[in-house]
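Peer 1: Could you work out the structure for the sequence below:
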Amino acid sequence: MRAFALGLIFSAAAFPCLAQTILKSEPLILAPYEVAFVQDPSCGAGKVRKVTGAIRGLQRRKACVTLASEQASLVSATP
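Peer 2: Numbers count the residues shown, from 1 in each chain. Got it, this is the predicted structure:
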């Protein structure tokens, strides 16, 4: 019974962590290897741009990816 209750607690804490935030614009500052999802019309319907931060001197990686609708929420970027 104790293991079941512990499993419920961990699963309740893990589900909110699965949601990804989709920004309306690309952030100016992005830590190395940090990932941001950006709503970009150039990616096409049902896709978002995945931007990965890079270390100094290298370009950020950008790719169009598909996210499940239950995993994403749309918010505005904070400058």
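Peer 1: where along this structure do the strands fall?
Peer 2: Along the chain, the segments classed as strands by DSSP state E run 20-23, 35-38, 47-52, 61-66, 72-74.
Peer 1: Pipe the ones you listed into CSV and attach distance to residue 3, mean neighbour count and mean pLDDT per row.
Peer 2: Any C-beta I mention is one placed from the backbone N, CA and C, and that applies to glycine too. Listed next are the strands of the chain as CSV, based on distance: least, C-beta to C-beta, whole Å; neighbours: other C-beta atoms under 10 Å; pLDDT from 0 to 100:
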stretch, distance to residue 3, mean neighbour count, mean pLDDT
strand 20-23, 30, 16, 82
strand 35-38, 33, 17, 92
strand 47-52, 37, 18, 92
strand 61-66, 36, 12, 92
strand 72-74, 32, 12, 55
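Peer 1: how much space is there between residue 40 and residue 61?
Peer 2: 14 Å (C-beta to C-beta, to the nearest Å).
Peer 1: no, scratch that, I was asking about residue 2
Peer 2: Counting by C-beta to C-beta, the gap from residue 2 to residue 61 is 44 Å.
Peer 1: same question, residue 50
Peer 2: Using C-beta to C-beta, we find residue 50 at a distance of 8 Å from residue 61.
Peer 1: which residues in this structure form helices?
Peer 2: Secondary structure of the chain by DSSP state H: the helices cover 2-18.
Peer 1: Low-confidence bits of the chain, can you list those?
Peer 2: For the chain, residues meeting the criterion pLDDT under 70 lie at 1, 4-19, 68-79.
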